[in-house]
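**Q** task: produce atomic coordinates for the following.
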Amino acid sequence: MPTTIPLFEEHPAPAGLRDAFEAWLTDQRAIGSLRQTGSIDVYREMWRGFMGWCLAQSPAVTLDSLNVQDLQAFQAARFGMKSPDLSLSPRHALRLLRLIERVRHHRAAQSDAPLNTAVSDWLAENPHVRYSEAASGDPLPEFLSVSEAKHLIAFLSNARPRPGAAARRHAHVAFTWQELRNRVAVALHLGGGLTPAEVRALTLDSPISRGGRVRDLPWKISIASNGDQSARETPIAPWASELLKHWIQVRLEREIPGEMLLPSTATGKPWSKQSHYSATRNLLAEAGLDSNEGGTFKLRHTFAMRQLRRGTSPEEVARWMGVEVAVMDRYTLVLSGPMDAA
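**A** Model prediction:
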């Protein structure tokens, strides 16, 4: 039988591109970071377009070989297209680049390979893409500065026993149980990234001490499913753990009934939305910080920023916060330098 000669040169699929994406997608589904079919379809289509370009190069571009020059060539080719179906706006380019970065980070974590900085290096050279969402209808998150966060942590920690001089050791006894409760709530926003609704819904079973480094010290919080989000566990900062531990002891000593971790009254009533809002607003004002509406979400945003600064992967932070990983793009847009972690 005569040999059939193909009319066009055939290229093998770029090594690892498809497998790396599918492995990343599988993990995102497993941890609940990607739940919407529509979002998954969008990511698949974006990756398919990127793979098509990689395949057309000679030699084919792989995840291992991808560099800044490749990304520049890819962007130039897509920006040059006149068809609206093939063109790549700065905002779409940013979404695709973040997807490439997440897949690469996931692959590196799975194989213990060094991280490739091609995406972040390219974005640093192309601010029109990096900040393309800054003026969109989805504003960039507001968060506390390093000094503001440190100040607030010290302010909150005054409500728990601490070593040192006598005045410092006994300062916490001057706080009422309501004042301590308010500080714990703010600590969970800043040190755990919890939303206001999640803080109010916490029960006595929510703090988790087992498996931690310090016996009887709650180091993460269990958050129940609320219909829109799956149940999850979120770690909290050590300083917030100490404050929470002290609150649990005070609550026990006062014999406050009920199952709510942060009740509204001494009879154990649930904390109302308005009462919680007023308490945290007043507390932030007392700390000398901006207490305008949205203050608790600013604390949640700060939690995300500080975790990303520490090198925690966007996927992990998204899982802790109970959001899809695409939400992390808003935070990575404003990352620009080292930040101390709480």
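**Q** got the residue ranges for the strands in this protein?
**A** Secondary structure of the chain (DSSP state E): strands at 207-208, 220-223, 232-235.
**Q** just the C-alpha atoms of the last one, please, in CSV.
**A** Only the C-alpha atoms of strand 232-235 are listed here, as CSV (Å, rounded to 0.1, in the frame of the first residue of the first chain):
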residue,chain,number,x,y,z
ARG,A,232,-14.7,25.1,54.2
GLU,A,233,-12.0,25.5,56.8
THR,A,234,-10.0,28.7,57.0
PRO,A,235,-6.8,29.2,59.0
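**Q** in that strand, what's buried?
**A** 232, 234-235 (16 or more other C-beta atoms under 10 Å). Where C-beta positions appear, they are placed from N, C-alpha and C, glycine not excepted.
**Q** mind giving me the packing neighbours of it?
**A** Under the contact criterion of 3 or more C-beta pairs under 8 Å, 6 or more residues apart in numbering; DSSP states H and E, strand 232-235 touches strand 220-223, helix 314-321.
**Q** and if you look at the first one?
**A** The criterion is 3+ C-beta pairs under 8 Å, 6+ apart, and the helices and strands that strand 207-208 contacts are strand 220-223.
**Q** list the buried residues in the strand it packs on.
**A** Buried residues in strand 220-223, counted by 16+ other C-beta under 10 Å: 220-221, 223.
**Q** and that strand, what's its mean pLDDT?
**A** Summarised as a single mean, pLDDT over strand 220-223 is 96.
**Q** now that strand, how far from the chain's geometric center?
**A** Strand 220-223 has its average C-alpha position 15 Å from the chain's average C-alpha position, going by C-alpha atoms, centre = their mean, to the nearest Å.
**Q** mind saving the C-alpha coords of that strand as PDB?
**A** Only the C-alpha atoms of strand 220-223 are listed here, as PDB (Å, rounded to 0.1, in the frame of the first residue of the first chain):
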ATOM      1  CA  LYS A 220      -8.600  27.600  62.000                       C
ATOM      2  CA  ILE A 221     -12.300  28.200  61.600                       C
ATOM      3  CA  SER A 222     -14.900  25.800  60.200                       C
ATOM      4  CA  ILE A 223     -17.500  27.600  58.100                       C
END
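**Q** quick one: strands adjacent to it?
**A** When pairing is defined by DSSP bridges, strand 220-223 lines up against strand 207-208 (antiparallel), strand 232-235 (antiparallel).
**Q** what about Gly38, neighbour count?
**A** The tally of other residues near Gly38 (other C-beta atoms under 10 Å) stands at 7.
**Q** Ala73: neighbour count?
**A** Burial of Ala73, expressed as a neighbour count using other C-beta under 10 Å, amounts to 14.
**Q** can you pull the pLDDT of the closest residue to it other than its chain neighbours?
**A** Setting aside the residues directly before and after it, Ala73 is nearest to Gln57 in space (C-beta to C-beta, 6 or more residues apart in numbering), at 8.0 Å. What the model reports as pLDDT for Gln57 is 88.
**Q** measure Gln57 to Val214 for me?
**A** In this view, Gln57 and Val214 are 53 Å apart by C-beta to C-beta, to the nearest Å.
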